[in-house]
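In: quick one, structure for this:
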Amino acid sequence: MSRQRTLLFSMELSNKIWRLCFTDGAKMRQKCIGARDTGALLQEIGRAKEKFALPASCGVISCYEAGRDGFWIHRFLAKNGIENRVLDPASIEVNRRSKQQKTDRLDASKLTRLLLRAERFAEKKAFSVVRVPGEEEEAAMRTYRERERLVKEIKGHVCRIKSLLNLQGLECNDPGKCRFAFLVDWQGRALCPPLIRELQREQQRLCLAKEQLAEIEHYQWQHLKKPQSRAEQQGKQLAQLRGVGLQSSWALGHEYFGWREFKNRRQVGACAGLVGTPYDSGDSRKEQGISKAGNRRIRYLMIELAWGWLRYQPGSALSQWYQERFGFGNRRLRRIGIVALARKLLVALWKFVQYGQLPEGAQLGGAI
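Out: Residues are numbered from 1 along each chain as shown. Okay, the predicted model is just below:
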């Protein structure tokens, strides 16, 4: 595609209005349309071509920030022959002044200028682009994320029931099976009817969440035993390792390895935000910690897996490396070391699913 005869535009998205900023490299034009009005979007693209005296068949390149609207806009644009970029908001340059002007008009213009720098002047580091999963891969992520929400919901219901009973001087070890109508308070009197009804409704929601959680876990188990997709096959392979359970293998397969293509170990660590951020300027040299600019679910999961790896794979090369370097340190040093182990373990698991290279010294005999 010739970049000299290309229409560039950015979209500043909000819940009610989308602001479009077009440019041909020389002039800019901004328009507003209703949110999710795809027909008006295509019409404005056609009008922008006319205003800039571009041929109707010229190429179109667009961009917008990744956010609450997800990737359906990207797929719509691609379906209509528009080359789109989904930008990582954290990679967009910001003014370092203490007070900044911020409006949708200024933000749209800024995105368009960044796109112009990247496409017309081939500035590769003008921004970072989010890798967009396929529709099936994105839908497959919902199972693990729904389970994550259900676990939090169950904890919330349990804490609520226990808190209500604590107000009456009572304690309950199993809120899901407790018979509130037969309980007596600290004075030996039966609980008041409004409190009993509230506790019963809370218990019903707790039981429903537990049923849905069991249904999801049964679905995961069946699909890992008989995988039907690449992510499920990789999840089954990971579950064969001792210390990698059902949820860990499912999450790594669907959230990380299943649809992404990594070229090297640096990309594997960076995508989870498990890489260092050194500060080296003049005489000042220090390490600022890990970047945390990646998939937070995988980052938290790998920290948990790293602790479990030390317990269930003590004879592996990774566990021995950790013990030699951090095992005899204080608590702070061991917590720093576990992050380093998490990154090494993530790379080792990637090599295992990508090339079949078993982590050195690791043993099989996991959940599957």
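In: got the contact list for stretch 138-155?
Out: 70-71, 133, 205-206, 209-210, 212-213, 216-217, 219-220, 229, 231, 247, 250-251, 254-255, 258, 297 (Cβ atoms under 8 Å, 6 or more residues apart in numbering). Every C-beta, even on glycine, is put in place using the N, C-alpha and C of the backbone.
In: and the buried ones among those residues, selectable in ChimeraX?
Out: Remark: buried members of the contacts of stretch 138-155, expressed as a ChimeraX selection using 16 or more other Cβ atoms under 10 Å:
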select :71,133,206,209,213,216,217,220,229,231,247,250,251,254,255,258,297
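In: among the contacts of stretch 138-155, name the ones in strands.
Out: The members of the contacts of stretch 138-155 all map outside strands under DSSP state E.
In: just the contacts of stretch 138-155: which are in helices?
Out: With DSSP state H as the criterion, helices contain 205-206, 209-210, 212-213, 216-217, 219-220, 231, 247, 250-251, 297 from among the contacts of stretch 138-155.
In: measure stretch 131-145 end to end?
Out: End-to-end distance for stretch 131-145: 19 Å, by Cα to Cα, to the nearest Å.
In: now do the strands in the stretch 1-150 of the chain.
Out: Using DSSP state E, counting those that start in this stretch, the strands of the stretch 1-150 of the chain run over residues 6-13, 17-23, 28-34, 59-65, 83-87.
In: in a markdown table: those strands, plus distance to residue 272 and mean pLDDT.
Out: Output for these, formatted as a markdown table (distance: least, Cβ to Cβ, whole Å; pLDDT from 0 to 100):
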| stretch | distance to residue 272 | mean pLDDT |
| --- | --- | --- |
| strand 6-13 | 27 | 96 |
| strand 17-23 | 32 | 97 |
| strand 28-34 | 37 | 96 |
| strand 59-65 | 21 | 96 |
| strand 83-87 | 19 | 97 |
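In: same list, those, but as TSV with distance to residue 276 and mean neighbour count please.
Out: Listed next are the strands of the stretch 1-150 of the chain as TSV, based on distance: least, Cβ to Cβ, whole Å; neighbours: other Cβ atoms under 10 Å:
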stretch	distance to residue 276	mean neighbour count
strand 6-13	32	23
strand 17-23	37	22
strand 28-34	39	16
strand 59-65	26	21
strand 83-87	24	19
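In: distance to residue 194 added to those, as CSV?
Out: Below are the strands of the stretch 1-150 of the chain laid out as CSV (distance: least, Cβ to Cβ, whole Å):
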stretch, distance to residue 194
strand 6-13, 45
strand 17-23, 45
strand 28-34, 46
strand 59-65, 48
strand 83-87, 50
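In: let me see the domain layout of this protein.
Out: Here the domain assignment for the chain is 3-132, 139-226, 231-355, based on automatic domain parsing.
In: assess the claim that residue 15 and residue 34 are in contact.
Out: No - between residue 15 and residue 34 there is no contact under Cβ atoms under 8 Å: 10.7 Å.
In: quick check, central residue of this protein?
Out: Of all residues in the chain, the one closest to the mean position by Cα atoms, centre = their mean is residue 295, 4.4 Å from it.
In: if I pick that one, what's in contact with it?
Out: 255-256, 271-273.
In: ok, now with 6 Å
Out: residue 272 (Cβ atoms under 6 Å, 6 or more residues apart in numbering).
In: and residue 325, how far is that from residue 312?
Out: From residue 325 over to residue 312 the distance is 20 Å, taken as Cβ to Cβ, to the nearest Å.
In: with neighbour numbers in mind, choose between these two.
Out: It is residue 312, of residue 325 and residue 312, that has more neighbours when counted by other Cβ atoms under 10 Å, with 19 against 13.
In: so what's the nearest residue to the more buried one once chain neighbours are set aside up against?
Out: Distances taken as Cβ to Cβ, 6 or more residues apart in numbering put residue 243 closest to residue 312, at 3.3 Å, once the chain neighbours are dropped. With contacts defined as Cβ under 6 Å, 6+ apart, residue 243 is in contact with 308-309, 312-313.
In: one step back: look up how far residue 277 lies from the residue nearest to the centre of the chain.
Out: For residue 295, the distance to residue 277 - Cβ to Cβ - is 17 Å.
In: per-residue pLDDT, the closest residue in space to residue 91 that isn't next to it in sequence?
Out: Spatially, and ignoring its direct neighbours in sequence, residue 91 is nearest to residue 128 (3.7 Å; Cβ to Cβ, 6+ apart). What the model reports for residue 128 is a pLDDT of 92.
In: am I right that residue 128 is in contact with residue 93?
Out: No - the pair residue 128 / residue 93 is not scored as a contact, 11.4 Å apart, by Cβ atoms under 6 Å.
In: list the contacts of stretch 268-281.
Out: Stretch 268-281 is contacted by residues 262, 286-288, 290-295, 298-299, 343, 346-347, 350 when judged by Cβ under 6 Å, 6+ apart.
In: give me that answer again for 8 Å
Out: Contacts of stretch 268-281 (Cβ under 8 Å, 6+ apart): 256, 260, 262, 266, 285-296, 298-299, 302, 339, 342-343, 346-347, 350.
In: do stretch 169-182 as well
Out: 157-158, 161-162, 165, 183, 185-186, 190-191, 195-196, 199-200, 202-203, 206-207, 210.
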